[in-house]
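Visitor: Need coordinates for the following:
(chains A and B, ligands or ions: 2)
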Amino acid sequence: MSIPCRQAFSQEVLAQAKNDKNVVVLCTDSRGSVMLGDFAAELPEQFIEVGIAEQNCVGMAAGLANAGLKPFVAGPACFYSMRSAEQVKVDVAYSNSNVKVIGISGGVSYGALGTSHHSLQDIATMTAVPGLTVILPADAWQTKQMTAALTVHEGPVYVRMGRGAVPDLYGPEGESKLAPDFKIGEAIELMQGSDVAIFACGETVWHAWHAGKKLAAAGISASVVDLHTLMPLDEETILRVAAGCKAVVTVEEHSVNGGMGSLVASLLSEHNPKMIKKIALPNENIVTGSSPEVFRHYGITADNIAEQAELLLKKLG
Amino acid sequence: MSTTNYRRIATERRKELLNMIYEAKTGHTGGALSSTDILVALHYGIMNIKPSEPKWADRDRFVLSKGHSVEGYLCILADLGFFPKAELMTFSKYGSRLIGHPTNKVPGIEICSGALGHGLPAAVGMALGAKKSGRAYKTYVLMGDGELAEGSVWEGAMAAANYELDNLTAIIDRNGLQISGSTEDVMKLEQLKAKWEAFGWQVFEADGHDIEGLISLMKSFPQTNGKPHMIIANTTKGKGVSFMENVAKWHHGVPSDEQLAQALADLDKTEVGK
Ligand SMILES: Cc1ncc(C[n+]2csc(CCOP(=O)(O)OP(=O)(O)O)c2C)c(N)n1
Ligand SMILES: [Mg+2]
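Guide: Ligands and ions are numbered 1, 2, ... in the order given. Sure thing, here's the model as predicted:
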């Protein structure tokens, strides 16, 4: 059964908070969009409504962490990564506050609500904030594991997840049938191959995995890697997997500038330059449409990932 | 003596926006209905604008700071002739320039909005710009009440008073609701009038559905007392549609076939706008 990652987060954070009364959740008129209505009703003492004030919310979370609580801040990724970026940088990351900033409905999830509601700069900004862990979970199963890990993990974290239900990739019911342990900072190798290495993060991992299957059917051997943690980056895995392949494709729901593709490209360029195709959103105003329409428009699809991988390999001869 | 039937105009815009939301299968319905009469008062009764010349330098400026209520605004701009009415049916569809928040790709719209708390600072700049460039245009901005929790609103409030912007009018769509429920439960706003007065504004309370009343109030504003004007417009979220009125969950929502029929019938029955 596929559910949105934000729902998996809400269920798990509620379960965790029932066992640990130091876990508190802060919202900014966002409890409905994060699906935290049950949390607010069941644990009113651990739920803090801040109103439509993201900067105040992240600042308050830093203060609550200082008092020994374990605050999760949850609302649209576009607002937490931009409006309260300075609070995330100074009050949370710089001050090493134990705050988890959970950005939901990230990337182009909000579709036709437009640029004000898209978060296509958050990987660029958040991975350049020292001390901040940055995670993009791939599906509900991984989100549940991640949420459990975050309640134990001490330190500043920014998470981005999407809005819609995503197909289950992991777990016994998941399409890959893989059920790897979630460890912050450890990439997951979904497929091992020797022609092309495909790196993906967040909800694009599912598309990358399907691209890997398509390529296999066409006789091309692909590695597919889920880079769920972008900071700290699992450099060892990226370098090892890329070294075993001829070319690299990166796939992400982010601006082509400064995203995961840029992180991978700059790492490889210093150690082991490879031909790279970055599949991402162009750095321009995004076409109006639902998020699947936007994905199709810009080729964030298994078909296009496979096609770009083949083109890259052809170019190399 | 007024010859314009503002109530009729507002009813037509409400019907159009409901049809548009129904067609698009997305929309911020409640807030669009609560703000329709305010938008009609401004665009049909107060503002000096030229649909054939949207960038006319002396036009009055308007900023929809509660950008999610774009639907009624778009219907008004189309009705006034800023762009063809037929385009309304492309709202939120693949490739359309009419999206779920105001963008200034659309003729008649000054600035992009959608992230709450941006409109007042931008309007302060427009009003200050008029003073600096010696232009007589006026600036208007419409905010939500839930929106007032954003600190940037109060930064703008302070600046407007500091620069004595008596050419600026801000209106609050005081419908008492935001997404999670009552504004007073989510983040207390009262004493709202006293707060704005303390910030140096001249504050008026008004019925936000009395179009003629809003027009005559705004026409009566002194333009030379050095104080920005605030209208706290008391409204009903979902105004005009029985089953949407004062129901928080209609903040966003798409009517079913039956609900649309009932909504349109409600509007015909009791022409709101007063
Ligand atoms: C900075 C920012 N935070 C959150 C949102 C999401 N959001 C859209 S509308 C809304 C509620 C607005 O309530 P209110 O201002 O009272 O508007 P109205 O009742 O008139 O619809 C919220 C939280 C946003 N658009 N911008
Ligand atoms: Mg409101």
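
Visitor: Which parts of chain B are helices?
Guide: Counting by DSSP state H, chain B has helices at residues B:6-24, B:29-40, B:70-80, B:119-133, B:151-162, B:183-186, B:192-198, B:211-219, B:257-269.

Visitor: Check whether the third one comes near ligand 1.
Guide: Read it as helix B:70-80. No. Helix B:70-80 lies apart from ligand 1 when judged by Cβ under 6 Å from any ligand atom; the minimum separation is 11.1 Å. Placement of C-beta: from N, CA and C, glycine included.

Visitor: do the fourth one as well
Guide: No. Using Cβ under 6 Å from any ligand atom as the criterion, no contacts between helix B:119-133 and ligand 1 are found, and the smallest distance is 10.7 Å.

Visitor: what residues does that helix touch?
Guide: Outside helix B:119-133, the residues that touch it by Cβ atoms under 8 Å, 6 or more residues apart in numbering or on different chains are B:61, B:63-67, B:110-111, B:113, B:135-143, B:152-153, B:155-157, B:159-160, B:163, B:165, B:167-168, B:170, B:228.

Visitor: Now intersect the residues you listed with the strands, please.
Guide: Judged by DSSP state E, the subset of the contacts of helix B:119-133 located in strands is B:61, B:63-64, B:139-143, B:168, B:170.

Visitor: what's the closest non-adjacent residue to residue B:225?
Guide: What sits nearest to residue B:225 in space, not counting adjacent residues and going by Cβ to Cβ, 6 or more residues apart in numbering or on different chains, is residue B:166, at 5.7 Å.

Visitor: give me every residue that touches that neighbour.
Guide: So residue B:166 contacts B:221-229 (Cβ under 8 Å, 6+ apart).

Visitor: That one and residue B:27: what is the separation?
Guide: Residue B:166 is 36 Å from residue B:27, where distance means Cβ to Cβ, to the nearest Å.

Visitor: Run a quick neighbour tally on residue B:225.
Guide: 11 (other Cβ atoms under 10 Å in any protein chain shown).

Visitor: now swap in residue A:258 and tell me
Guide: For residue A:258, using other Cβ under 10 Å, the count is 19.

Visitor: Helix, strand, or coil at it?
Guide: Of the three states, residue A:258 takes coil under DSSP: H, G, I helix; E, B strand; the rest coil.

Visitor: Would you mark the buried spots in stretch B:71-88?
Guide: B:71-79, B:82-83, B:88 (16 or more other Cβ atoms under 10 Å in any protein chain shown).

Visitor: Alpha carbons of that stretch, in PDB - could you do that?
Guide: Extracted in PDB, the C-alpha atoms of stretch B:71-88 (Å, rounded to 0.1, in the frame of the first residue of the first chain):
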ATOM      1  CA  GLU B  71      -9.300  32.900  -8.300                       C
ATOM      2  CA  GLY B  72     -11.700  35.800  -7.700                       C
ATOM      3  CA  TYR B  73      -8.900  38.200  -8.600                       C
ATOM      4  CA  LEU B  74      -8.300  36.500 -12.000                       C
ATOM      5  CA  CYS B  75     -12.000  36.600 -12.800                       C
ATOM      6  CA  ILE B  76     -12.100  40.300 -12.100                       C
ATOM      7  CA  LEU B  77      -9.000  41.000 -14.200                       C
ATOM      8  CA  ALA B  78     -10.500  39.100 -17.100                       C
ATOM      9  CA  ASP B  79     -13.900  40.800 -16.700                       C
ATOM     10  CA  LEU B  80     -12.200  44.200 -16.800                       C
ATOM     11  CA  GLY B  81     -10.400  43.100 -20.000                       C
ATOM     12  CA  PHE B  82      -6.900  42.600 -18.900                       C
ATOM     13  CA  PHE B  83      -6.900  39.200 -20.700                       C
ATOM     14  CA  PRO B  84      -9.600  37.100 -22.500                       C
ATOM     15  CA  LYS B  85     -12.200  35.500 -20.300                       C
ATOM     16  CA  ALA B  86     -11.900  32.200 -22.100                       C
ATOM     17  CA  GLU B  87      -8.500  31.900 -20.600                       C
ATOM     18  CA  LEU B  88     -10.000  31.400 -17.100                       C
END
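
Visitor: pLDDT score for the nearest residue to residue B:187 once chain neighbours are set aside?
Guide: Of all residues not flanking residue B:187 in the chain, residue A:51 sits nearest, at 2.8 Å (Cβ to Cβ, 6+ apart). Note on residue A:51: pLDDT of 98.

Visitor: tell me which element residue A:51 is part of?
Guide: Using DSSP states H and E, residue A:51 maps to neither a helix nor a strand.

Visitor: Also the one 4 residues further on?
Guide: Counting by DSSP H and E, the element that carries residue A:55 is helix A:54-66.

Visitor: And residue A:299, by the same measure?
Guide: Using DSSP H and E, residue A:299 sits in no helix or strand.

Visitor: Please name the residues that touch it.
Guide: Applying Cβ under 8 Å, 6+ apart, the residues near residue A:299 are A:279, A:305, A:308.

Visitor: do residue B:145 as well
Guide: Neighbour list for residue B:145: B:172-178, B:183, B:189, B:192 [criterion: Cβ under 8 Å, 6+ apart].

Visitor: Among the residues you listed, which lie within strands?
Guide: Judged by DSSP E, strands contain the following of the contacts of residue B:145: B:172-174, B:177-178.

Visitor: Would you map out the domains in chain A?
Guide: Under automatic domain parsing, the residue ranges defining each domain of chain A are A:5-160, A:188-315.

Visitor: Tell me which of the ones you listed is the most buried.
Guide: Of those, the one with the most neighbours on average (mean count of other Cβ atoms under 10 Å in any protein chain shown) is domain A:5-160, at a mean of 22.

Visitor: what about that domain, start to end distance?
Guide: Terminal residues of domain A:5-160 are spaced 10 Å apart (Cα to Cα, to the nearest Å).

Visitor: returning to that earlier point: pretty sure the residue nearest to residue B:187 is touching residue B:144, no?
Guide: No. With contacts counted by Cβ atoms under 8 Å, residue A:51 stays clear of residue B:144, the gap being 11.5 Å.

Visitor: which residues do the two both contact?
Guide: residue B:178.

Visitor: coming back round to it: which one of the contacts of residue B:166 sits in the busiest neighbourhood?
Guide: Highest neighbour count within the contacts of residue B:166, by other Cβ under 10 Å: residue B:228, with 30 neighbours.

Visitor: Poorly predicted segments of chain B, please.
Guide: For chain B, applying pLDDT under 70 flags the ranges B:1-2, B:272-274.

Visitor: Enumerate the residues of chain A near ligand 1.
Guide: Contact residues, chain A versus ligand 1 (Cβ under 6 Å from any ligand atom): A:29, A:52, A:79, A:83.

Visitor: can you tell if the helix holding residue A:55 touches chain B?
Guide: Yes. Helix A:54-66 is in contact with chain B by Cβ under 8 Å from any Cβ of the partner chain, via A:55-56.

Visitor: right, and the helix or strand after that helix?
Guide: Counting by DSSP H and E, what follows helix A:54-66 is strand A:70-76.

Visitor: by contact count, what packs against that next one?
Guide: Using 3 or more Cβ pairs under 8 Å, 6 or more residues apart in numbering or on different chains; DSSP states H and E as the contact test, the elements touching strand A:70-76 are strand A:23-27, helix A:31-34, helix A:54-66, strand A:100-104.

Visitor: about what we covered before: of the helices of chain B, which stretch is the most buried?
Guide: For the helices of chain B, the largest average neighbour count (mean count of other Cβ under 10 Å) is found in helix B:29-40, namely a mean of 29.

Visitor: What's the nearest residue in chain A when you look at ligand 1?
Guide: residue A:29 (3.9 Å; Cβ to the nearest ligand atom).

Visitor: Next one: that residue relative to ligand 2, how far apart?
Guide: Using Cβ to the ion, to the nearest Å, we find residue A:29 at a distance of 10 Å from ligand 2.

Visitor: can you pull the contacts of the residue of chain B found nearest ligand 1?
Guide: Closest to ligand 1 within chain B is residue B:144: 2.0 Å, counting by Cβ to the nearest ligand atom. Contacts for residue B:144 (Cβ under 8 Å, 6+ apart) come out as B:31, B:65-66, B:69, B:116, B:172-173, B:175, B:178.
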